[in-house]
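structure, please.
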Amino acid sequence: MDWIYIATAIVAVIVTGIAAFMVQVPSKIRWFRRGFFLLVAAAFLIASIAMPLNTHAKVTGYFIAVLMACFGLWRQGLTNWGIIAGLGATRVWGTITTVELTHDDKHDFTVLEAFVGSIRVSRLRFGQSQAALGEFIKNKAPNTKLQ
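Purely as a prediction, here's the structure:
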């Protein structure tokens, strides 16, 4: 059973790395979320190393630590082929019907909201201007309505 945990952890690290390299326009990092997941990962790693546990318990602890680190290090942003918002919220440009770009003057960032029909499927914050994001989206997804 331990080999399933090890294989899953290896696949998670590979997928997280591939997703990170695919992002061409990264969104703003949510530091609280990242810090939380990395703190949980560190706690499980330290507990797995420090406590006298059997092999299965140690592998399980390492597995949880790796997955929490992957969640914390997951990159969000725009790629050539779509939007990477989360592990379960990756969308291809062809499925997105509308993208709305608004500027938050209070916090000085651009908010991108992607819709499939009338349902919002992604919401990301970017440090880039609306014009720069709009140009990227027009080049990569010419059939997507931009507002």
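
parallel or antiparallel, list what pairs with the helix or strand of the chain with the lowest mean pLDDT.
Using mean pLDDT, DSSP states H and E, the weakest-scoring helix or strand in the chain turns out to be strand 145-146, at a mean of 78. Pairing partners of strand 145-146, with direction, according to DSSP bridges: strand 98-104 (parallel).

before we move on, back to that, quick one: the least confident helix or strand of the chain to chain centroid distance?
Chain-centre distance of strand 145-146: 23 Å, with C-alpha atoms, centre = their mean, to the nearest Å.

ok, and what's touching it?
The set of residues that contact strand 145-146 without belonging to it, under C-beta atoms under 8 Å, 6 or more residues apart in numbering, is 97-99, 101, 134, 137-138. The C-beta positions use only the backbone N, C-alpha and C, and glycine is treated the same way.

what of stretch 31-45?
61-62, 64-69, 71-73.

those in helices, which ones?
Among the contacts of stretch 31-45, the members falling in helices are 61-62, 64-69, 71-73 (criterion: DSSP state H).

give the residue spans of the protein that score low on pLDDT.
Applying pLDDT under 70 to the chain picks out no residues at all.

and it, what are its domains?
2-75, 78-146 (automatic domain parsing).

which helix or which strand is home to the residue of the chain most remote from its centre?
Of all residues in the chain, residue 52 sits farthest from the chain's C-alpha centroid, using C-alpha atoms, centre = their mean; the distance is 34.3 Å. Here residue 52 is covered by no helix or strand, with elements defined by DSSP states H and E.

and the gap between it and residue 58?
The spacing between residue 52 and residue 58, counted by C-beta to C-beta, to the nearest Å, is 10 Å.

so what's residue 109 up against?
With contacts taken as C-beta under 8 Å, 6+ apart, residue 109 has the following neighbours: 28, 103, 125-127.
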